[in-house]
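1. Sequence first, then the predicted structure:
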Amino acid sequence: MSGATLLKETGPREVFCGLTSIVWLHRRMPDAFFLVVGSRTCAHLIQSAAGVMIFAEPRFGTAILEERDLAGLADAHDELDRVVNDLLTRRPEIKTLFLVGSCPSEVIKLDLARVAERLNVQLNGRVRVVNYSGSGIETTFTQGEDGALKALVPLMPNVAEKQLLLVGTLANSVEDRLVTLFKRLGIPKVASFPPRQSVDLPSVGPGTKVLLTQPYLSETTRELKNKGAEILKAPYPLGIEGSTLWMKAAAKSFKVNESLLNQTLEPLILRAHKALEPFKEKLSGKRIFLLPESQLEIPLARFLSRECGMELLEVGTPYLNRELMETELQLLPKNTRIMEGQHVDNQLDRVREQKPDLVVCGMGLANPLEAEDISTKWSIEMVFSPIHGIDQAADLAELFSRPLHRNQLLKKNHLAHV
Ligand code: SF4
């Protein structure tokens, strides 16, 4: 399959939980509301993550259940019903309510699927209620999106007609650009999942060709396949090469004329190579270590190595779906060390031993590493930045060259003061 060396480790983990994905999902579907059924810790996480990263109206909240005496579970059900009814009375614009489970044992005892079922009967179609888990015991932060989308698949109408379905949250501007390009190639029907309004769910069926925009959607992909969709094999649309092959996979499936394809893509590719050049100069030869958090690590490593000339010391991933990663693994340099899972202490020991120029990691690990004079990049930034597509390759490279540049400046400044 690939020349990469696939390894596994388990132990203490240091990653964000799936609740974090609410931060970008609620921005994508403004008619939806995400109600975390959890503890004060969950409320604090979601409020501070969303507050720091975006300035949005609250389309998320927390039903705090931890301090209740749950000897009788009826209490918790009543409490949840009360919170939901208050919320929907105050916010009649809500069209889809996601009940999001979390780790506290009080919540684990609740069967949220049954709660959603009961509320759906009560609400009689006025609001759709679905549920998924964002618990840190089960999920890392991007798996929250996988859970949310999986919960929506059963609500998607069936269709037999041939269509292209882009699956995974994209920045709206990037989505517009990609849809325009596919239309220019003559692909008549292109839909996106998740949609921009939760009630405008695309249809799915035997004619649906799925192009994944994000690599962390294993469960959603399985559900879409069960509905008859075909998953197109391609690398992910990160960097010039990945995005080109990604678009070519759709073009092949829709039998797009080759000269039209080349005419459309070549100018973009030329322009993107030119824009990438200055960043390539800065990144080439630099050594990078990616710690596992987002499941974006393998496609990013492929881009950083093949298009930016970086040396991959280790590529961590919280979970490796070999089928969805097959094309990516084939493109990695021979003997790339892929580490699935995490033992954070052992991994940090390897970081210190190898002294990389740059580490991609979670926010919790970034500060301690910076204090040890190791430059870092937060992996969560990759899901908030518009990085997909041929046009965005230079912006993606810039995300990695910025911390290196900053570190150089700091060192220069320090030397000037010695
Ligand atoms: S779901 Fe679990 S890991 Fe996430 S904030 Fe709540 S308690 Fe913490």
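-> Great, that's in hand. Residues are numbered from 1 along each chain as shown.
2. only C-alpha atoms for contact and neighbour calcs from this point on.
-> Will do.
3. since we're on the residue in the stretch 151-300 of the chain that the ligand sits nearest to, how many residues are nearby?
-> Per CA to the nearest ligand atom, residue 293 is where the stretch 151-300 of the chain lies closest to the ligand, at 13.7 Å. Residues lying near residue 293 (other CA atoms under 10 Å) number 27.
4. how about it, secondary structure?
-> Of the three states, residue 293 takes coil under DSSP: H, G, I helix; E, B strand; the rest coil.
5. Next, it: phi, psi?
-> phi -150, psi -50 (degrees, to the nearest 10).
6. My guess is it contacts residue 320. True?
-> No: the criterion here is CA atoms under 8 Å, and residue 293 misses it with residue 320 at 11.5 Å.
7. Bridge partners for residue 37, pull those for me.
-> Counting by DSSP bridges, residue 37 forms beta bridges with residue 63.
8. Can you give me the distance of it to residue 319?
-> In this view, residue 37 and residue 319 are 25 Å apart by CA to CA, to the nearest Å.
9. Which one's more surrounded, the two?
-> More neighbours surround residue 37 than the other of residue 37 and residue 319, with 28 against 18 (other CA under 10 Å).
10. Wait, the more buried one touches residue 63, no?
-> Yes: with contacts counted by CA under 8 Å, residue 37 reaches residue 63, the gap being 4.9 Å.
11. who in the stretch 1-150 of the chain is up against the ligand?
-> Proximity of the stretch 1-150 of the chain to the ligand (CA under 6 Å from any ligand atom) is limited to residues 17, 19, 41-42, 45, 102-104, 134-136.
12. Export these as CSV, with columns for secondary structure, pLDDT and neighbour count.
-> As requested, those are arranged in CSV below (DSSP: H, G, I helix; E, B strand; the rest coil; pLDDT from 0 to 100; neighbours: other CA atoms under 10 Å):
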residue, secondary structure, pLDDT, neighbour count
17, coil, 92, 24
19, helix, 93, 28
41, helix, 88, 12
42, helix, 90, 25
45, helix, 86, 15
102, coil, 93, 25
103, coil, 91, 18
104, coil, 83, 18
134, coil, 94, 32
135, coil, 92, 25
136, coil, 90, 20
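13. just curious, which of those is nearest to residue 386?
-> Nearest to residue 386 among those: residue 19, at 21.0 Å, using CA to CA.
14. Quick check: mean pLDDT of stretch 186-200?
-> Here stretch 186-200 scores 97 as its mean pLDDT.
15. wait, I meant stretch 149-165
-> Across stretch 149-165, pLDDT averages out at 97.
16. swap in stretch 334-341?
-> Mean pLDDT, stretch 334-341: 96.
17. Show me what counts as buried in it.
-> 336-341 (16 or more other CA atoms under 10 Å).
18. what's the domain layout of this protein?
-> Annotated domains of the chain cover 18-139, 163-260, 271-416 [automatic domain parsing].
19. May I see these organised as TSV, with distance to residue 157 added?
-> Formatted as TSV, these follow (distance: least, CA to CA, whole Å):
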stretch	distance to residue 157
domain 18-139	15
domain 163-260	5
domain 271-416	25
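20. ranking these by mean pLDDT, which is last?
-> What stands lowest among the domains of the chain, in mean pLDDT terms, is domain 18-139, with a mean of 85.
21. What's the end-to-end length of that one?
-> This stretch, domain 18-139, spans 5 Å end to end (CA to CA).
22. show me the contacts for residue 287.
-> Taking CA atoms under 8 Å, 6 or more residues apart in numbering, we find residue 287 in contact with 310-313, 356-358.
23. Phi first, then psi, for it.
-> phi -100, psi 130.
24. so how far is stretch 302-314 from its chain's centroid?
-> What separates the centre of stretch 302-314 from the centre of its chain is 20 Å, taken as CA atoms, centre = their mean, to the nearest Å.
25. who's in contact with that stretch?
-> Residues from elsewhere that reach stretch 302-314, judged by CA under 8 Å, 6+ apart: 238-242, 279-281, 283-291, 301, 328, 331-333, 336-339, 354, 356, 397.
26. As a check, name the ranges of all strands in the protein.
-> Taking DSSP state E, the strands of the chain run over residues 5-9, 32-38, 60-64, 96-101, 128-133, 163-167, 190-193, 208-212, 230-231, 287-290, 311-317, 337-341, 358-361, 375-378.
27. any chance of the ones you listed in a markdown table, with distance to residue 144 too?
-> Below are the strands of the chain laid out as a markdown table (distance: least, CA to CA, whole Å):
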| stretch | distance to residue 144 |
| --- | --- |
| strand 5-9 | 22 |
| strand 32-38 | 12 |
| strand 60-64 | 14 |
| strand 96-101 | 9 |
| strand 128-133 | 7 |
| strand 163-167 | 15 |
| strand 190-193 | 15 |
| strand 208-212 | 16 |
| strand 230-231 | 21 |
| strand 287-290 | 21 |
| strand 311-317 | 16 |
| strand 337-341 | 17 |
| strand 358-361 | 18 |
| strand 375-378 | 18 |
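28. What is the neighbour count of the nearest residue to residue 236 once chain neighbours are set aside?
-> The spatially closest residue to residue 236, leaving aside those adjacent along the chain, is residue 242, at 5.6 Å (CA to CA, 6 or more residues apart in numbering). As a burial measure, residue 242 scores 26 neighbours (other CA under 10 Å).
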